[in-house]
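Visitor: with the input below, show me the fold.
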Amino acid sequence: MAAKMVPEFMVETTPASELEILEEMKNRSIDNRERGTGRPTKKERRDLDDFFDV
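Guide: The predicted structure follows:
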């Protein structure tokens, strides 16, 4: 099957409740940065690592 045809045959089987939970997690993410700000600086990365106890 051609890759362009795949979306025509895909069926979403994820329950709506799970999709809502995923969307909430994306919105609450503390690691969420504004688009275009680039990757975290060394200090920001260390702060994030300390926060998440990595």
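
Visitor: drop to CA atoms for contacts and neighbour counts, all remaining ones
Guide: OK.

Visitor: just the pLDDT for the residue nearest the centre of the chain.
Guide: Centroid check for the chain by C-alpha atoms, centre = their mean gives Lys26 as the closest residue, at 5.4 Å. pLDDT, Lys26: 79.

Visitor: now do Glu12
Guide: Predicted confidence (pLDDT) for Glu12: 89.

Visitor: one more: Glu18?
Guide: 92.

Visitor: how many other residues sit next to it?
Guide: 10 (other C-alpha atoms under 10 Å).

Visitor: what helix or strand is it on?
Guide: Assigned by DSSP states H and E, Glu18 falls within helix 16-28.

Visitor: all helices for this structure, in order.
Guide: 6-9, 16-28, 42-51 (DSSP state H).

Visitor: show me what the helix or strand bottoming out on mean pLDDT in the chain is packed up against.
Guide: Least confident helix or strand of the chain, by mean pLDDT, DSSP states H and E, is helix 16-28 with a mean of 86. Packed against helix 16-28, as judged by 3 or more C-alpha pairs under 8 Å, 6 or more residues apart in numbering; DSSP states H and E, are no other helices or strands.

Visitor: and Thr13, how far from Arg39?
Guide: 34 Å (C-alpha to C-alpha, to the nearest Å).

Visitor: whoops, Leu22 was the one
Guide: In terms of C-alpha to C-alpha, Leu22 sits 23 Å off from Arg39.

Visitor: comparing those two, which residue is more hemmed in?
Guide: Neighbours were counted for Leu22 and for Arg39 using other C-alpha under 10 Å; Leu22 has more, 12 against 9.

Visitor: contacting residues around the more buried one?
Guide: The contact partners of Leu22, by C-alpha atoms under 8 Å, 6 or more residues apart in numbering, come to none.

Visitor: again, 10 Å this time
Guide: Leu22 sits next to 16, 28 when contact means C-alpha atoms under 10 Å, 6 or more residues apart in numbering.
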